[in-house]
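Participant: Could you work out the structure for the sequence below:
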Amino acid sequence: MARIIPPGPTPDPPSSERTPLEHRLEGLDGHHAAAPQLNFMLAGAQWRDSWLHGFRSLYLVMEVILLGLAGGLLVSILNLDVKRAWVPAALLVVDAVGSLILLARMRRAAVGLGDDVRFWHREIVRAERELPPERRVFTRFKLLQHSRNHADTNELAALALSQEGLDEVGLDRLVEPFSSSATRRLIENRVPALIAVLWLSWVIAGVGALYLRAQGIIP
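Facilitator: Numbers count the residues shown, from 1 in each chain. Below you'll find the model as predicted:
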């Protein structure tokens, strides 16, 4: 049974910040899974990962469709008679508010699914500590991922492929949380932020065009 080692100066995130329930659920102070359960854990990780990618694709496609609808409403605002153009303008505002709410909730769900995947990855790396270093295939895969964005991979690889394997602090460094993953920051932070900016731009353009037309500034 692995003992919890107090976090170093910059763990990400430190195990000490987890609640007692999270310690129990993540196996930080309980019995860890044995190597024969690797097939089950790999299946669990694959299951949640497929859900994650499907969910990301779903909400991004929905946002693209709704943005296309907003573009049609903007064209209507510019071409309809001013007395009637307020209808597509109102629909544009409703479309934008509903889409932003949907974006926020679906992003939150996607972040949760990503944390589920991280749970399984941690369990797999833990279980591989019972295997000889040359058979720790998943651990080496995570080290390869880690090497793309970090300079400390040689040190981490030496620990991960030693006879003892990684301690809990090393696991925190190898299996990164949402806040440290460059890919997840891009997909779960920057892309939704870009979509939100597009929605605000669409609404400002639509309402602004209606106002300018009502004032006779533009035809």
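
Participant: so where's this protein shaky on pLDDT?
Facilitator: Along the chain, segments meeting pLDDT under 70 span 1-36, 177-181.

Participant: Next, the contact list for R56, please.
Facilitator: Going by CB atoms under 8 Å, 6 or more residues apart in numbering, R56 touches 110, 187. For the C-beta atoms, the positions are set from N, CA and C on the backbone; glycine is no exception.

Participant: before we move on, which element is it in?
Facilitator: helix 38-79 (DSSP states H and E).

Participant: Distance from the top helix by length along the chain to the middle of the chain?
Facilitator: The longest helix of the chain (DSSP state H) is helix 82-128. Helix 82-128 has its C-alpha centroid displaced from the chain centroid by 10 Å (CA atoms, centre = their mean, to the nearest Å).

Participant: after it comes which helix or strand?
Facilitator: helix 137-147.

Participant: Tell me the buried residues in that following helix?
Facilitator: Of the residues in helix 137-147, 138-140, 142-143, 145-146 count as buried by neighbour count, 16 or more other CB atoms under 10 Å.

Participant: Could you check the angle it makes with helix 38-79?
Facilitator: With axes from the mean of the first three to the mean of the last three CA atoms, to 10 degrees applied, the angle from helix 137-147 to helix 38-79 works out at 40 degrees.

Participant: name the helices or strands packed onto helix 137-147?
Facilitator: helix 82-128, helix 153-160, helix 168-174 (3 or more CB pairs under 8 Å, 6 or more residues apart in numbering; DSSP states H and E).
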